[in-house]
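In: structure for this input, please:
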Amino acid sequence: MIVDGRAIAQKIKESLKNEVLDLSEPVELSIIVVGDNSVTDTFVSAKERFAKDIAVTFTKKIFAKDATTEELISYIEEVSKSVHGVVVQLPLPMHIATDEVLAAIPIDKDIDLLNSATFERFVSNKGSFIPPVAGAVLAILDEYNVSVANKKVAVIGKGKLVGLPVQKVLETRGGEVIVLDTKTDSTDFKKILSEADIIVSGAGVPNLIQPDMVKKGVVLIDAGTSSTGGSVTGDIANECVENALVFSKTPGGVGPLTVAILFENLLAASQ
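Out: Sure thing, here's the model as predicted:
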């Protein structure tokens, strides 16, 4: 079963569109972009299209690539007064203090959970937002009726965008989660993958996982992206489909859903 992330995202979009129609006031999202990057433009355009489709007001502020940390913080502080959600498109140029910029986003408007304080609220079960990738993983599991309870789960990567939030939500659902990274011994890495019932990978290493590394009936969710030869490639080789009960590939799986979950967070922020 190949996951159609776009189809699941469309269902979420229709639901959110109805929610927006029921609101008495407009919902507004502010996106902040620094410099000119074709990859960044693609991600921003996807958010802009989604916003338009559900009648959310979308504002985009583009700063020159030589913008300062102070300029960004000042703008965030000002725009936060009048919008429901603020997203800073990453990565930022090296000369900008990224953590300081993200810390300027108010917790109740940090719908991408990029601010450390917002992320800690999620980890402590105190926040009303879910990290978009973690939300996308849960949406896939729910769509295909995959139970996590008492299953062996391997999560590859310990980052705040994929590994840590995915570990959190799958442990909450009763999964026996083991997190793997570059420090994991290669023998242990292969053994854990071969025994896993569910694998979620966010390593960003092209074709890291091969068919002989996973068992029959495994659920595979690829949240890794890397660019090779001008195209986007995931962590899990396409040939793994022969072993998979459910396979969410890159592209077309997690990616479209992260945008949908971001807007679910935005609607939560507007309430």
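
In: ok, residue 102 - contacts?
Out: 88, 110, 114, 115, 116 (C-beta atoms under 8 Å, 6 or more residues apart in numbering). (C-beta placed from N, C-alpha, C; glycine too.)

In: check which helix or strand it maps to.
Out: Assigned by DSSP states H and E, residue 102 belongs to helix 98-103.

In: what about the stretch 51-200 of the chain, any weak spots by pLDDT?
Out: Residues of the stretch 51-200 of the chain meeting the criterion pLDDT under 70: none.

In: just checking, next helix/strand downstream of the helix or strand harbouring residue 177?
Out: Here residue 177 is covered by strand 176-180, with elements defined by DSSP H and E. Note on strand 176-180: by DSSP H and E, the next helix or strand toward the C-terminus is helix 186-195.

In: restricting to C-alpha, output that following helix in CSV.
Out: C-alpha atoms of helix 186-195 as CSV (Å, rounded to 0.1, in the frame of the first residue of the first chain):
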residue,chain,number,x,y,z
SER,A,186,26.1,-0.5,12.5
THR,A,187,25.3,-4.0,13.6
ASP,A,188,22.8,-2.8,16.1
PHE,A,189,21.3,-0.5,13.5
LYS,A,190,20.6,-3.3,11.1
LYS,A,191,19.3,-5.7,13.8
ILE,A,192,16.9,-3.1,15.2
LEU,A,193,15.6,-2.2,11.7
SER,A,194,15.1,-5.9,10.8
GLU,A,195,12.9,-6.4,13.9
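
In: contacts for it?
Out: Outside helix 186-195, the residues that reach it (C-beta under 8 Å, 6+ apart) are 152, 154, 178, 180, 184, 199, 209, 213, 214, 215.

In: quick one, it and strand 176-180 angle?
Out: Counting by axes from the mean of the first three to the mean of the last three C-alpha atoms, to 10 degrees, helix 186-195 lies at 140 degrees to strand 176-180.

In: next, the contact list for residue 121, please.
Out: Shown in contact with residue 121 (C-beta under 8 Å, 6+ apart): 107, 127.

In: distance of it from residue 110?
Out: Per C-beta to C-beta, to the nearest Å, residue 121 is found 9 Å from residue 110.

In: now do residue 266
Out: Separation of residue 266 from residue 110 (C-beta to C-beta): 11 Å.

In: for those two, list the residues in contact with both.
Out: Common contacts of residue 266 and residue 110, defined by C-beta under 8 Å, 6+ apart, comprise residue 85.

In: what about the spatially closest residue to residue 248 that is not a sequence neighbour, distance to residue 113?
Out: Using C-beta to C-beta, 6 or more residues apart in numbering and skipping the chain neighbours, the partner closest in space to residue 248 is residue 3 (3.8 Å). Per C-beta to C-beta, residue 3 is found 23 Å from residue 113.

In: who has more neighbours, those two?
Out: Using other C-beta atoms under 10 Å as the criterion, residue 3 and residue 113 rank with residue 113 on top: 29 against 25.

In: tell me if I'm right that that one and residue 134 touch.
Out: No. Counting by C-beta atoms under 8 Å, residue 113 does not reach residue 134; the two are 9.0 Å apart.

In: what touches both of the two?
Out: Contact with both residue 113 and residue 134 is made by residues residue 165, according to C-beta under 8 Å, 6+ apart.

In: ok, residue 12 - how many residues close by?
Out: Here the number of neighbours of residue 12 (other C-beta under 10 Å) works out to 21.

In: quick check, pLDDT for it.
Out: At residue 12, the model reports a pLDDT of 97.

In: need phi/psi at it.
Out: Backbone torsions of residue 12, given as degrees, to the nearest 10, read phi -60, psi -40.

In: show me the contacts for it.
Out: Residue 12 touches 139, 257, 260, 261, 263, 264, counting by C-beta under 8 Å, 6+ apart.

In: hang on, the third one in a strand?
Out: Put plainly, it is residue 260. No. Under DSSP: H, G, I helix; E, B strand; the rest coil, residue 260 sits outside any strand and is assigned helix.

In: helices along the stretch 151-271 of the chain, start to end?
Out: 163-172, 186-195, 254-270 (DSSP state H, counting those that start in this stretch).
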